[in-house]
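Engineer: here's my sequence, what's the structure:
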Amino acid sequence: MDVNELLEGESLTGRQAAIIFFTFLAIILVAAFFLILFSDFFRGLF
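Structural biologist: So this is what the prediction gives:
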């Protein structure tokens, strides 16, 4: 499956859509966690 087909979402099943959604959500949560974790470190930097 090519990226363009994936982004158009026409041939996307509900399961694939759910996997993409939860993967995206997990990436955002991990990024937020690291920002919170290193916020003191960044505060000391500037």
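Engineer: switch to C-alpha atoms for all contacts and neighbour counts from now on
Structural biologist: OK.
Engineer: could you list the single helix or strand in the chain with the lowest mean pLDDT?
Structural biologist: Here the helix or strand of the chain ranked lowest by mean pLDDT, DSSP states H and E is helix 3-8, holding a mean of 68.
Engineer: what comes up buried for the helix or strand following that helix?
Structural biologist: Next helix or strand after helix 3-8 toward the C-terminus (DSSP states H and E): helix 14-37. By neighbour count on 16 or more other CA atoms under 10 Å, the buried set for helix 14-37 is empty.
Engineer: just the mean pLDDT for helix 14-37, thanks.
Structural biologist: Averaging pLDDT along helix 14-37 gives 92.
Engineer: which elements pack onto whichever helix or strand comes after it?
Structural biologist: Using DSSP H and E, the helix or strand that follows helix 14-37 in sequence is helix 39-45. Applying 3 or more CA pairs under 8 Å, 6 or more residues apart in numbering; DSSP states H and E, we find helix 39-45 packed against no helix or strand.
Engineer: from the chain's centroid, how far away is helix 39-45?
Structural biologist: Distance of helix 39-45 from its chain centroid, counting by CA atoms, centre = their mean, to the nearest Å, is 24 Å.
Engineer: then stretch 22-29?
Structural biologist: Relative to the chain's own centre, stretch 22-29 is displaced by 4 Å; criterion: CA atoms, centre = their mean.
Engineer: could you do stretch 34-42 as well?
Structural biologist: 19 Å.
Engineer: who's in contact with that stretch?
Structural biologist: Outside stretch 34-42, no residue is within contact range by CA atoms under 8 Å, 6 or more residues apart in numbering.
Engineer: give me that answer again for 10 Å
Structural biologist: For stretch 34-42, the surrounding residues in contact (CA atoms under 10 Å, 6 or more residues apart in numbering) are I28, L29, V30, A31, A32, F33, G44, L45.
Engineer: kindly export stretch 28-44 (C-alpha atoms) in CSV.
Structural biologist: Presented in CSV, the C-alpha positions along stretch 28-44 are these (Å, rounded to 0.1, in the frame of the first residue of the first chain):
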residue,chain,number,x,y,z
ILE,A,28,1.7,12.9,20.9
LEU,A,29,1.5,11.5,24.4
VAL,A,30,5.2,10.4,24.3
ALA,A,31,6.2,13.9,23.1
ALA,A,32,4.2,15.6,25.8
PHE,A,33,5.7,13.3,28.4
PHE,A,34,9.3,14.2,27.3
LEU,A,35,8.4,17.9,27.3
ILE,A,36,7.2,17.6,30.9
LEU,A,37,10.1,15.5,31.9
PHE,A,38,12.7,17.8,30.4
SER,A,39,10.9,21.1,31.2
ASP,A,40,13.2,21.8,34.2
PHE,A,41,16.2,21.0,32.1
PHE,A,42,15.1,23.5,29.4
ARG,A,43,14.2,26.1,32.0
GLY,A,44,17.8,25.9,33.3
